[in-house]
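# Model the structure of this input:
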Amino acid sequence: MKNLILGITIVMFAAGSVLGSDMISLPAKNGNVNFPHSKHMAIKQEKGCKACHETDKGGKISGLGKDWAHKTCKGCHETLKKGPTKCGECHKK
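Here you go, the predicted structure:
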């Protein structure tokens, strides 16, 4: 019974640390963009990781930069009518 409780505790701790620390800060000239990865996981279920990443396993984002982010991120927010679309809503100085 102790091993079961220990196992459940370890799984809950690991899941919490993965889900709890998902804020990615992307440097930009007009102020850093903080990107909450977990809020975007619903897109993965619909379109897969390749909606943003090079492969369906995640990892590198080819072409990541101002033009890519404005087309991909802002474009998706406008299409879904959800998420920030104005400069100051993403870029925090």
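
# just checking, next helix/strand downstream of the strand or helix carrying Glu89?
Applying DSSP states H and E as the criterion places Glu89 in helix 87-90. Where DSSP H and E defines the elements, the next helix or strand beyond helix 87-90 is strand 91-92.

# give the contact list for the residue most central in space within the chain.
A centroid search over the chain (Cα atoms, centre = their mean) returns His37, at 2.0 Å, as the residue closest to the centre. Shown in contact with His37 (Cβ atoms under 8 Å, 6 or more residues apart in numbering): 22-24. Where you see a C-beta, it was placed from the backbone N, CA and C, and this is true even at glycine.

# Look up how far Lys29 lies from it.
23 Å (Cβ to Cβ, to the nearest Å).

# got a list of what Lys92 touches?
Listed by Cβ under 8 Å, 6+ apart, the contact partners of Lys92 are 31-34.

# Now Pro36. Its backbone dihedrals?
phi -80, psi 100 (degrees, to the nearest 10).

# Report the beta-bridge partners for it.
With DSSP bridges applied, Pro36 shows beta-bridge pairing to Met23.

# can you tell me which residues contact it?
Going by Cβ under 8 Å, 6+ apart, the list of residues near Pro36 reads 22-24.

# Include pLDDT, distance to Gly59 and neighbour count when you put those into TSV, please.
Shown next, in TSV, are these (pLDDT from 0 to 100; distance: Cβ to Cβ, whole Å; neighbours: other Cβ atoms under 10 Å):
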residue	pLDDT	distance to Gly59	neighbour count
Asp22	88	15	13
Met23	91	18	11
Ile24	90	13	10
